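A.B. asks: with the input below, show me the fold.
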Amino acid sequence: MNDRTVTVFGGTGFLGRRVVRHLRKHGFSVQIASRHPDRGHRLFGLGPQLQSVAANIHDERSVADALAGAYGVVNAVSLYVEHGPQTFHSVHVESAQRVAAQAHRAGVERLAHVSGIGADAASQSLYIRKRGEGELAVRAAFADALLIRPAVMFGPDDAFLTTILKLLRRLPIYPMFGRGLTGLQPAFVEDVAEAVARALQGTETHAITYECGGPRVYSYEEFLRAVAHEAGLKPMLIPIPFAAWHALAWISEMLPNPPVTRNQVELMQVDNVSSPEMPGFGQLGISPHCVEEILQQMLWSR
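C.D. replies: Model prediction:
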C-alpha cells in the first residue's frame, strides 16, 4: 500500500469514476478534481484517502491548485458533442496541454492522459484530429506522459452498448452505418480503468502509449448481430450509405440533444481497432472481458 496521491480530472465521468475506484484498490490516495465536487461526495462518500475538489480544466490557477502535492495525475476528461465554449479544441487540446504543463511545473511524477484509438492530428475528422493534437500537446509539455488509448468503451450506463440495445429493441428494421463493415474492438470500461491504474503503478519512467482493445474484433454488422442474439432479438439490418447519415446528422445537430452527430458518423467510417505493434492490456497483465459476458450481466441486472 502507499499513500501517494493521484489527482483525477474528470473523476466523476463514465471512465473517471471507475479509475478512481481502481486507483484506491491499488492503494493510492485519490483527489477527484471536477466542476461539481458534490457529485464526487455522492458517488464515493469520502474519507481520508479520498477527497473531492472543485476544479475547472479551462482555468490555469484551478488546475495548479488541484495538482499541489500530487504524485500522479490522470486526465480522463472528454467531450463527444461540442456546445458553446466547450469545443474539441478547448477540451482535448488546450485543457489537456494545461493539465500536462501544470503537472510538469508542480513536479508531478506520473501523468496518464486518456485519449482514444485512432487519434491522429492529420485526420479529416475534427474529433479524431483534436484527439491527436491533444496527445502531441501533452507530450510536448510532459515528455514522459503515458497515453492510454481505449477502443470504444462499454459497460453499465454507457452511451454505446446501452443505446444500441435500446434501439434494437425499438426498431424491427435497424439502419446500419454504411454496409456494416467498420471494424470495432469494444473494451470493457472496468478493464480500461484497471489499465490506467496499473500503468500509473508501473516502474517504467519513459513515455509509453497503450492501445486498449477488447478480446474480439467485430465488423459493425457482426457486433449488432451479437448484441441482438444475446438479447434474444432478430432485427432486420438495413445498410444506409454514409452520405445519407451525414445529411441526417447535419439536420439533427440543429436539435438541442441531437440523436446523431456528424462527428459520430465520421467515427463510424474508421476502424476502431488496436494496433498489434502497440502495448495494451496484455502488457499490463489484464485479460479483457468480452462484450457478450458483460452484456449478460447488464441484461440480468435490469
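A.B. asks: in the helix ranked longest in the chain, what counts as buried?
C.D. replies: Counting residues, the longest helix found in the chain (DSSP state H) is helix 126-141. Within helix 126-141, the residues that count as buried by 16 or more other Cβ atoms under 10 Å are 127-135, 137-139, 141. Heads up, the C-betas are built off the backbone N, CA and C, glycines and all.
A.B. asks: and if you look at stretch 153-166?
C.D. replies: Met153, Phe154, Gly155, Asp158, Leu161, Ile164, Leu165.
A.B. asks: for that stretch, how far is the first residue from the last?
C.D. replies: 17 Å (Cα to Cα, to the nearest Å).
A.B. asks: what distance do you get for the residue nearest to Val81 when sequence neighbours are not counted to His89?
C.D. replies: In space, and not counting its chain neighbours, Val81 is closest to Thr261: 5.7 Å by Cβ to Cβ, 6 or more residues apart in numbering. Applying Cβ to Cβ, to the nearest Å, the value for Thr261 to His89 is 16 Å.
A.B. asks: ok, then the element right after the longest helix of the chain?
C.D. replies: Following helix 126-141 in sequence order, the next helix or strand is strand 146-150 (DSSP states H and E).
A.B. asks: next secondary structure after that following strand?
C.D. replies: Assigned by DSSP H and E, the successor of strand 146-150 is strand 153-154.
A.B. asks: quick one: distance of that next one to the chain centre.
C.D. replies: Its chain's average C-alpha position is 8 Å from that of strand 153-154, according to Cα atoms, centre = their mean, to the nearest Å.
A.B. asks: that one packs against which elements?
C.D. replies: On a contact count with 3 or more Cβ pairs under 8 Å, 6 or more residues apart in numbering; DSSP states H and E, strand 153-154 meets strand 187-188, helix 189-201.
A.B. asks: show me the contact partners of the following helix or strand past it.
C.D. replies: Going down the chain from strand 153-154, the next helix or strand is helix 161-170, by DSSP H and E. With Cβ atoms under 8 Å, 6 or more residues apart in numbering as the test, helix 161-170 has contacts from 154-156, 174, 186, 224, 227-228, 231, 233, 235, 291, 295, 298.
A.B. asks: tabulate those (CSV), appending pLDDT, distance to Ala112 and secondary structure.
C.D. replies: Output for the contacts of helix 161-170, formatted as CSV (pLDDT from 0 to 100; distance: Cβ to Cβ, whole Å; DSSP: H, G, I helix; E, B strand; the rest coil):
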residue, pLDDT, distance to Ala112, secondary structure
Phe154, 95, 21, strand
Gly155, 94, 19, coil
Pro156, 91, 23, coil
Tyr174, 95, 37, strand
Pro186, 97, 21, coil
Leu224, 97, 32, helix
Val227, 96, 30, helix
Ala228, 96, 35, helix
Ala231, 93, 34, coil
Leu233, 95, 38, coil
Pro235, 94, 39, coil
Val291, 95, 25, helix
Leu295, 92, 28, helix
Met298, 86, 27, helix
